[in-house]
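Participant: no sequence on this one, just coordinates:
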């Protein structure tokens, strides 16, 4: 079956063209053709047609074969081009072949035309495929070079036997060396490595067991700049482990290294700032603890003397009122100190809560009892409507009472004489216990309500002057409620319309705790049999007035007392005789009360009550760790001290 063939014939003779077509048909082709005899006609045919082959006469009146060949190579580079002639000699034929002709035939011997066409079509296809492959390889090389440039990733190869090397364009760029006819060498690669890193690279290459490694190095470029690179290498060795070749990748990681260094510097600066801040906080905490101790210590003998005098029979009413005034002001100063310290703990997230199941109604009743004197003094009426059926909550009882005391203090302070205060509880469907503290006092303007629970906030400056206080009570109450995962809110209809503060706390956790409890009563820790005789008490206190008054109070409880003003004096006394109870200040001039407790307990058992102006959770924990069973905060009055002695010494 004839094979189709599209032939462009460049020939001025129609008869010669027919002879060419006849020979092609005889050789098994089915040619379709176009004959041209001018450059313009040939150019048009090349532009508008699709051809498999060009056959051109070498000598024509208007157009010769050399011009046709040049035009063909310009317009159709891969198209087979066969020259035919009847007169040109062999020398001319060789020149034509050098100029780009694929074959040269004489018109008197056209039998070679068929085999020549077969050969040239095949070779033309090979040339096209080779050229396409070259273009594809060139394109891929370009893409690889672009990818390496973008990734800052180069490749390298070294013949370790001859020292010859080859680098990719990106490797040249890293070393700031322009590609040149003179190829790089393995020694040049080594020379570019930083002197301190070069030995490591050579050791990897020369280690018989190493066939692959990846390592970060520094390179010194030709312009003297030091950059960071990561070198990954495969090493080919002979049977004796001797390296023959090495090849791999090299990546510029300078920006990453600089970023890591900046990040590390920032981390170091942050760590230093954190250490400085923590040191400052520790210094501030220490200062506040010392300040608290020093402020509380002078109040202790004042309150103790007041308590002692108030117990005297037949005390004149006027003097009793004066003593009450002194007590009220001392207690107010102590509360202000407590509020400031609590605020500091809250701000620095150092407030620790100790949760247990708490009967909120019992805590509410105790809080009201604490204010009974103030309530009665102003002629206030307190209505308690505690109807909530689910009244147990998971809370810190001491801090919960502090919340209730602060809210009641606020209500009592801002309710005029003869006014009313109401305390109500209820439950909601979500399992919360709602507690409301209402009064018919001065009320709160609507623009003040949003900042009511902020630190140091009162409705007006005139209120601060009239009623006193720092405006911390409600702020602390809000923080403590939120630490119990609760909510607190205030409502008022305005001036002289009273105020209602609502606290919502969950009862779910308490219900679960009660359900899992065994319900068995438990003995208080450290309970001992009641003493039949007077307790022997060692009192350690460096403040003279406080030591004298506390010794007198302890004796009034029926105790025998030995007093000391320092650690050294206390230990000397404890060596001569034994005691049932140690009542000691924590801060002493030559040590601490903790030292006294530990050293005495190493000799014989003794109970202990710590008395201190240091009242943070950490102070209390240290006291208990040292062996003290109670930690009383200065200032303390006769009732507090007597209750502590009863609990520790006469516990059932």
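Facilitator: Structure's in. What do you need? If you're wondering where the values come from, they're calculated on a predicted model, not measured in any experiment.

Participant: Going by C-alpha atoms from here, please, whenever you check contacts or count neighbours.
Facilitator: Fine.

Participant: Could I get the contacting residues of residue 104?
Facilitator: Contact criterion Cα atoms under 8 Å, 6 or more residues apart in numbering gives 82, 83, 84, 93, 96, 97 as the residues in contact with residue 104.

Participant: Can you name the residues bridging to it?
Facilitator: Residue 104 forms beta bridges with residue 83, as assigned by DSSP bridges.

Participant: Just the local confidence number for it, please.
Facilitator: Among the per-residue scores, residue 104 shows a pLDDT of 85.

Participant: Any stretches of the stretch 101-250 of the chain with poor pLDDT?
Facilitator: Within the stretch 101-250 of the chain, the stretches falling below the threshold (pLDDT under 70) are 137-152.

Participant: For it, which segments are assigned as strands?
Facilitator: 103-106, 153-159, 165-167, 212-220, 226-237, 243-252 (DSSP state E, counting those that start in this stretch).

Participant: Likewise for the stretch 251-400 of the chain?
Facilitator: For the stretch 251-400 of the chain, the strands defined by DSSP E, counting those that start in this stretch occupy 356-359, 381-386, 392-395.

Participant: what's next to the last one, contact-wise?
Facilitator: The contact list for strand 392-395, computed with Cα under 8 Å, 6+ apart, reads 353-360, 433, 484, 505-511.

Participant: Return a ChimeraX selection command for the buried portion of those residues.
Facilitator: Typed into ChimeraX, the next command selects the buried ones out of those (criterion: 16 or more other Cα atoms under 10 Å):
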select :353,357,358,359,360,433,484,505,506,507,508,509,510,511
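
Participant: can you redo the contacts of residue 104 as JSON lines with neighbour count, pLDDT and distance to residue 72?
Facilitator: Conversion of the contacts of residue 104 to JSON lines gives the following (neighbours: other Cα atoms under 10 Å; pLDDT from 0 to 100; distance: Cα to Cα, whole Å):
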{"residue": "82", "neighbour count": "26", "pLDDT": "90", "distance to residue 72": "11"}
{"residue": "83", "neighbour count": "25", "pLDDT": "88", "distance to residue 72": "12"}
{"residue": "84", "neighbour count": "25", "pLDDT": "88", "distance to residue 72": "15"}
{"residue": "93", "neighbour count": "20", "pLDDT": "75", "distance to residue 72": "17"}
{"residue": "96", "neighbour count": "20", "pLDDT": "78", "distance to residue 72": "13"}
{"residue": "97", "neighbour count": "15", "pLDDT": "80", "distance to residue 72": "14"}
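
Participant: and which of these is nearest residue 17?
Facilitator: Lowest distance from residue 17 to the contacts of residue 104 (Cα to Cα) belongs to residue 84, with 10.8 Å.

Participant: show me what contacts the closest one?
Facilitator: Contacts of residue 84 were listed using Cα under 8 Å, 6+ apart, and they are 55, 56, 57, 58, 104, 105, 106, 107.

Participant: If you go by neighbour count, which of these are buried?
Facilitator: Of all the contacts of residue 84 considered here, the ones buried according to neighbour count by 16+ other Cα under 10 Å are 55, 56, 57, 58, 104, 105, 106, 107.

Participant: Residue nearest the middle of this structure, spatially speaking?
Facilitator: Ranked by distance to the mean C-alpha position of the chain (Cα atoms, centre = their mean), the top residue is residue 267 at 12.0 Å.

Participant: now that one: how far from residue 276?
Facilitator: Relative to residue 276, residue 267 is positioned 14 Å away (Cα to Cα, to the nearest Å).

Participant: Overlap in contacts, the two.
Facilitator: Counting by Cα under 8 Å, 6+ apart, nothing touches both residue 267 and residue 276.

Participant: Can you report how many residues lie near residue 383?
Facilitator: Taking other Cα atoms under 10 Å as the criterion, the count of residues near residue 383 is 12.

Participant: what's the closest non-adjacent residue to it?
Facilitator: Spatial nearest neighbour of residue 383, excluding adjacent residues (Cα to Cα, 6 or more residues apart in numbering): residue 422 at 4.7 Å.

Participant: For residue 420, give me its contacts.
Facilitator: With contacts defined as Cα under 8 Å, 6+ apart, residue 420 is in contact with 380, 381, 382, 383, 439, 440, 441.

Participant: which of the residues you listed lies closest to residue 77?
Facilitator: Using Cα to Cα, residue 439 is the member of those that sits closest to residue 77, with 104.6 Å.

Participant: isn't the closest one right up against residue 411?
Facilitator: Yes: look at residue 439 against residue 411 with Cα atoms under 8 Å: they come within range, at 6.0 Å.

Participant: okay, those two: which has more neighbours?
Facilitator: Neighbours around residue 439 and residue 411, counted as other Cα under 10 Å, are more numerous at residue 439. The numbers are 28 against 24.

Participant: Pop out the phi and psi values for that one.
Facilitator: Phi and psi for residue 439, reported as degrees, to the nearest 10, are phi -140, psi 160.

Participant: where's it relative to residue 495, distance?
Facilitator: Residue 439 sits at a distance of 13 Å from residue 495 (criterion: Cα to Cα).

Participant: do you know which of the strands of the stretch 101-250 of the chain lies nearest residue 112?
Facilitator: With Cα to Cα as the measure, strand 103-106 is the member of these nearest residue 112 (7.3 Å).

Participant: Report the next helix or strand after the helix or strand of the chain with the lowest mean pLDDT in sequence order.
Facilitator: The least trusted helix or strand in the chain, going by mean pLDDT, DSSP states H and E, turns out to be helix 461-467, with a mean of 46. The first helix or strand that comes after helix 461-467 along the chain, using DSSP states H and E, is helix 473-483.

Participant: Please identify the buried residues of that following helix?
Facilitator: For helix 473-483, a neighbour-count test (16+ other Cα under 10 Å) marks 473, 474, 475, 476, 477, 478, 479, 480, 481, 483 as buried.

Participant: Adding distance to residue 154 and pLDDT, write those out as CSV.
Facilitator: Compiled in CSV, the buried residues of helix 473-483 are given as follows (distance: Cα to Cα, whole Å; pLDDT from 0 to 100):
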residue, distance to residue 154, pLDDT
473, 69, 78
474, 68, 85
475, 64, 85
476, 64, 86
477, 66, 87
478, 63, 90
479, 61, 88
480, 63, 90
481, 63, 91
483, 59, 88
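
Participant: As JSON lines, those residues with distance to residue 401 would be great.
Facilitator: Written out in JSON lines, the entries for these read as follows (distance: Cα to Cα, whole Å):
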{"residue": "473", "distance to residue 401": "13"}
{"residue": "474", "distance to residue 401": "13"}
{"residue": "475", "distance to residue 401": "15"}
{"residue": "476", "distance to residue 401": "12"}
{"residue": "477", "distance to residue 401": "10"}
{"residue": "478", "distance to residue 401": "13"}
{"residue": "479", "distance to residue 401": "14"}
{"residue": "480", "distance to residue 401": "10"}
{"residue": "481", "distance to residue 401": "11"}
{"residue": "483", "distance to residue 401": "14"}
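
Participant: Specify which member of those is nearest to residue 38.
Facilitator: Of all the buried residues of helix 473-483, the one with the least separation from residue 38 (Cα to Cα) is residue 483, at 101.3 Å.

Participant: That closest one and residue 5, how far apart?
Facilitator: 94 Å.

Participant: Give the bridge partners for residue 560, please.
Facilitator: residue 536.

Participant: So it sits against residue 553, correct?
Facilitator: No: between residue 560 and residue 553 there is no contact under Cα under 8 Å: 10.7 Å.

Participant: Neighbour count for those two, which is higher?
Facilitator: residue 553 (22 against 16).

Participant: in what helix or strand does residue 5 lie?
Facilitator: Assigned by DSSP H and E, residue 5 belongs to strand 3-10.

Participant: For that strand, what does the pLDDT average out to?
Facilitator: 92.

Participant: chain center to that strand, what's the gap?
Facilitator: Taking Cα atoms, centre = their mean, to the nearest Å, one finds the center of strand 3-10 at 77 Å from the center of the full chain.

Participant: Check which helices and strands the helix or strand following that strand sits against.
Facilitator: Past strand 3-10, further along toward the C-terminus, the next helix or strand under DSSP H and E is helix 14-26. In terms of contact count using 3 or more Cα pairs under 8 Å, 6 or more residues apart in numbering; DSSP states H and E, helix 14-26 is assigned the packing partners strand 29-36, helix 113-151.
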